[in-house]
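Peer 1: would you be able to build a 3D model of this:
(2 chains)
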Amino acid sequence: MNDSPQTRPSLLVRLRDARDGQAWGDFVRVYAPLVYAYARKHGLQDADAADIVQEVFRNVSRAVGKLEYDARRGSFRGWLFTIVRNALRNFVASRQQRGRGSGDSAVQGLLEQEPASEDEDSRLWELEHERRLFAWAAERVRGEVQPATWQAFWQTAVDGRDPCDVARQLNMTVANVYICKSRVMARLKANVRQWRDDLPEKGVRTLTPGAES
Amino acid sequence: MNAQVSCPTPADLKSLLDATLAEPRQTEVSRHLESCADCQRRLESLAAGGDSWSGVAAQLRGEDAPGGPALDQAVEELASVGGAGLTTDTRPADEDVPLDFLDPPAEAGHLGRLEQFGVLEVIGRGGMGIVLKAFDESLRRIVALKVMSPRLATSATARQRFVREVQAAAAVRDEHVVGIYAVGEAKGLPYLAMEYDWTGRDRWS
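Peer 2: Residues are numbered from 1 along each chain as shown, chains lettered A, B, ... in the order given. Model (predicted):
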């Protein structure tokens, strides 16, 4: 794992530094699938959802240099969500504008998939965000531990199997199953927390009014 | 043996979790954990950090995240370019395809000119050339102009492949494929003029 968030500049600061390709790459790899999943959940297909991803990250790239910390304002992921939502709206609008009208099955599909309310949509975004962070953390931690350790964790914590059965199957002591399970859980949480801490929960706004697309 | 007498301290459990508990204590604690349900639960609570784990388990267990080839490509492109490189105003001119094959611009603010196209900006790089945002004077509209790289244009096989690509694209009628306005050759370079998509990106380069 990298040095702790306290000892290195926050991700937001590093994103502003055009030379810090690592920060940007990390950010893309974690957040692009989130934006994509959100678009897919709204009925878009692979290519169109990927277009939304491109558009969103283009906008983020433009705006990130103007972000500053203001305690009265919202979270980074809230800010990102407005960009995503706008990109999706533009997409639907441009599809409609192509003169295909409401008879177009793709557009109709999109309209039908719209969540009932903005609140519901926000909740969907929050859910997808959590899901993505944990999925990313799981990929990472899985690569850092022994296969048997991962299995001990997954089969008990996620599949809900009896630790005694798992111990027998993996040829471990029950104690070891519990230890593996707990260690992996702790690592997952640490990874997720690191991302959450690195991108401010509160206080993100753009300097220039109207710069938020 | 009374299990409660030998329960490890929270500090011991924490060290066990962090893998910093020295021997022989680690072995003793492990042996204890084999049968003490209370301590098993304590260890898990410590790991869960007071948060509910069941929600997380559901997240991890849930349906596989959606994916697709377009997503993978997008991630690779975005991750490799780096932050500032994404915005068109800071992106440097494509070194592989210098724009000197264009005629001088007819209007202020244009990059250059290619027959009836006033070239406005470089949108991106395709497999075999460059994609430009241009104003088509005969159609009086903005188009995406895919021009074969001059470097490749001298190769007969490359030209054939480019033309085949263009013909294949023109033959597809699909709402996901942009409209094609014109195919031609300008200054010896094959080109394709397409509908300028709202994302400004050539979908199938």
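Peer 1: what about the strands in chain B?
Peer 2: Counting by DSSP state E, chain B has strands at residues B:112-114, B:117-125, B:129-136, B:141-148, B:180-186, B:189-195.
Peer 1: closest one to chain A among those?
Peer 2: Of all those, it is strand B:189-195 that lies closest to chain A, at 9.2 Å by CB to the nearest CB. Any C-beta I mention is one placed from the backbone N, CA and C, and that applies to glycine too.
Peer 1: next, the angle from the closest one to strand B:180-186.
Peer 2: 160 degrees (axes from the mean of the first three to the mean of the last three CA atoms, to 10 degrees).
Peer 1: ok, strand B:189-195: who's next to it in the sheet?
Peer 2: strand B:141-148 (antiparallel), strand B:180-186 (antiparallel) (DSSP bridges).
Peer 1: quick one on the thing from earlier: save the strands of chain B as CSV, and put in mean neighbour count and mean pLDDT too.
Peer 2: Output for the strands of chain B, formatted as CSV (neighbours: other CB atoms under 10 Å in any protein chain shown; pLDDT from 0 to 100):
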stretch, mean neighbour count, mean pLDDT
strand B:112-114, 19, 90
strand B:117-125, 19, 85
strand B:129-136, 23, 86
strand B:141-148, 23, 86
strand B:180-186, 15, 82
strand B:189-195, 22, 85
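Peer 1: make TSV from those strands and add distance to residue A:159 to it.
Peer 2: Listed next are the strands of chain B as TSV, based on distance: least, CB to CB, whole Å:
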stretch	distance to residue A:159
strand B:112-114	61
strand B:117-125	45
strand B:129-136	48
strand B:141-148	50
strand B:180-186	52
strand B:189-195	50
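Peer 1: out of those strands, which gets nearest to residue A:42?
Peer 2: strand B:189-195 (23.7 Å; CB to CB).
Peer 1: quick one on the thing from earlier: need the strands paired with strand B:189-195 in TSV with distance to residue B:129, can you?
Peer 2: Listed next are those as TSV, based on distance: least, CB to CB, whole Å:
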stretch	distance to residue B:129
strand B:141-148	4
strand B:180-186	12
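Peer 1: for residue A:49, which of these is the nearest?
Peer 2: strand B:141-148 (20.7 Å).
Peer 1: tell me if I'm right that residue B:159 and residue B:153 touch.
Peer 2: Yes. Using CB atoms under 8 Å, residue B:159 is in contact with residue B:153, at 6.3 Å.
Peer 1: domains for chain B, by residue range?
Peer 2: As given by automatic domain parsing, the domain ranges for chain B are B:8-59, B:86-195.
Peer 1: hey, least reliable of the ones you listed by pLDDT?
Peer 2: Of all these, domain B:86-195 carries the lowest average pLDDT, namely a mean of 75.
Peer 1: next one: it to chain centre, how far?
Peer 2: 22 Å (CA atoms, centre = their mean, to the nearest Å).
Peer 1: what angle sits between the longest helix anywhere in chain B and strand B:141-148?
Peer 2: Counting by DSSP state H, the longest helix found in chain B is helix B:156-171. With the same axes, to 10 degrees applied, the angle from helix B:156-171 to strand B:141-148 works out at 150 degrees.
Peer 1: ok, which stretches of chain B are helices?
Peer 2: Using DSSP H, the helices found in chain B span residues B:10-18, B:25-33, B:37-48, B:54-61, B:69-81, B:150-153, B:156-171.
Peer 1: take these and lay them out in JSON lines including mean neighbour count.
Peer 2: Shown next, in JSON lines, are these (neighbours: other CB atoms under 10 Å in any protein chain shown):
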{"stretch": "helix B:10-18", "mean neighbour count": "16"}
{"stretch": "helix B:25-33", "mean neighbour count": "17"}
{"stretch": "helix B:37-48", "mean neighbour count": "17"}
{"stretch": "helix B:54-61", "mean neighbour count": "15"}
{"stretch": "helix B:69-81", "mean neighbour count": "18"}
{"stretch": "helix B:150-153", "mean neighbour count": "17"}
{"stretch": "helix B:156-171", "mean neighbour count": "14"}
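Peer 1: turn the ones you listed into TSV, columns for distance to residue B:120.
Peer 2: As requested, the helices of chain B are arranged in TSV below (distance: least, CB to CB, whole Å):
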stretch	distance to residue B:120
helix B:10-18	58
helix B:25-33	68
helix B:37-48	56
helix B:54-61	46
helix B:69-81	21
helix B:150-153	19
helix B:156-171	22
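Peer 1: still on that earlier bit, what's the longest helix of chain B packed up against?
Peer 2: Counting contacts by 3 or more CB pairs under 8 Å, 6 or more residues apart in numbering or on different chains; DSSP states H and E, helix B:156-171 is packed against strand B:141-148, helix B:150-153, strand B:180-186, strand B:189-195.
Peer 1: can you give me the buried ones in stretch A:26-35?
Peer 2: For stretch A:26-35, a neighbour-count test (16 or more other CB atoms under 10 Å in any protein chain shown) marks A:26-28, A:30-35 as buried.
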